[in-house]
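# How does the following fold in three dimensions:
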Amino acid sequence: MKTKVKKSKFKPQYRRLLFIDRKIREGGCPNCFSLGAEWEVSYKTIQRDVDYLKYELDAPIEYDPVKRGFFYSDHTWFLPSLLLTEGELMALLIGTQALDMYQGTPVAGTLREIYQKLAELLPDKITLAPELLYDRMSFINAPARAIYDDIWKAVIRGLMHQRVMQLDYKSPKSPHTKRHEIHPLHLANIEGDWYLLAFAPRFADITQYAVSRIQHAEVGEQMFRPPAGFDAAAVLKKRFGKYIHRAGAEVLVRVRFSAELAAFVAEKTWHPQQKLLPGRAGGVELTVPTVAPETMLPWLLSFGAHAEVLAPPALRAQMRDEVRKMAQPYGP
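As a prediction, the model looks like this:
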């Protein structure tokens, strides 16, 4: 009784070549029909594989007209292996580990399928054991907000075909959804979450939408032209954290950090146009340009008493008022 070949759902050519090579070496003089039947592909597919082995990889394959099958005229020839350097293997493993940051999004499933296909291409034996790397590195990321699959597909469709879209969008500042008409321009993953950059006619400017906050999306038939001179990279450079600011007059935000946080603040690039100067008592002063200083408030509050807003006055007042509200539950 012939044993059926155990195969994965994904059948890359490299796996078939290994199979054909093994069957020929067993000495049974297999042919295209028997190999195709065992691997569950057409004889034409096997014939193309045999031609590839013979003419591209210089395999010494001959045909025995009596036995009606293939054999090797030189048994010292071996099929070249798919080799990975330690660095390449590490990159592959890091990629699979990094998939965790996309959990809850349609991207995760697609990426996992791609990495599974890459894994199928690897030889059965490799020099560097993957488990050794897995034991020595971890990825701990903030959970990405879930994105509905139909929303994701609609955004991609509108983006790729330059179609006007209608969104029902729920802002974190309001419990109600609002209808927005947009021209989708660019999709960006910022600190683990997906954001859509779009031209919004109601604002006559580029606007940022968190894809996870889109409740409903419709792709229309009307096409649009991107704004002249639109440069996604230039827009993203002006962001602070996850916030991408619309056009407007920039103001300079100046923040004094205490000596305890001076080294921490100085070792990071918070904004591509930031400036750092020595502050008093061993602290540092950070200056960044922005058109929306209020969006920096949550970030500033995260430093507690170690951050003092020096300018602009409006942001300093907002900071003071927010700190007072925070103190109220704790009494005088």
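# which stretches of this structure have low pLDDT?
Within the chain, the segments meeting pLDDT under 70 span 1-12, 81-144, 245-248.
# Could you identify the longest strand within it?
As assigned by DSSP state E, the longest strand anywhere in the chain is strand 177-190.
# gap between that one and the chain center?
In terms of Cα atoms, centre = their mean, to the nearest Å, the centre of strand 177-190 is found 18 Å from the chain centre.
# Please identify the pairing partners of that strand and their relative orientation?
If you go by DSSP bridges, strand 177-190 pairs up with strand 163-170 (antiparallel), strand 193-200 (antiparallel).
# Looking at those strands, which is nearest to Gly282?
With respect to Gly282, and counting by Cβ to Cβ, the nearest of these is strand 193-200 at 35.5 Å. For every residue, glycine as well, the C-beta is placed using N, CA and C.
# any idea which element Arg202 lies in?
Using DSSP states H and E, Arg202 is not contained in any helix or strand.
# wouldn't it be in contact with Ile182 here?
No: using Cβ atoms under 8 Å, Arg202 is not in contact with Ile182; the gap is 9.2 Å.
# Which one's more surrounded, those two?
Neighbours per residue (other Cβ atoms under 10 Å) separate Arg202 from Ile182, with Ile182 holding more: 24 against 9.
# Please enumerate the helices of the chain.
Secondary structure of the chain (DSSP state H): helices at 13-25, 32-39, 43-51, 86-98, 106-121, 130-134, 149-161, 232-237, 259-266, 297-301, 313-327.
# circling back: closest one to Lys23 among the strands paired with strand 177-190?
strand 193-200 (47.2 Å).
# circling back: report the inter-axis angle for the longest strand of the chain versus helix 149-161.
Counting by axes from the mean of the first three to the mean of the last three Cα atoms, to 10 degrees, strand 177-190 lies at 70 degrees to helix 149-161.
# JSON lines for the strands paired with strand 177-190, including mean neighbour count and distance to Ile20?
As requested, those are exported to JSON lines (neighbours: other Cβ atoms under 10 Å; distance: least, Cβ to Cβ, whole Å):
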{"stretch": "strand 163-170", "mean neighbour count": "19", "distance to Ile20": "47"}
{"stretch": "strand 193-200", "mean neighbour count": "21", "distance to Ile20": "43"}
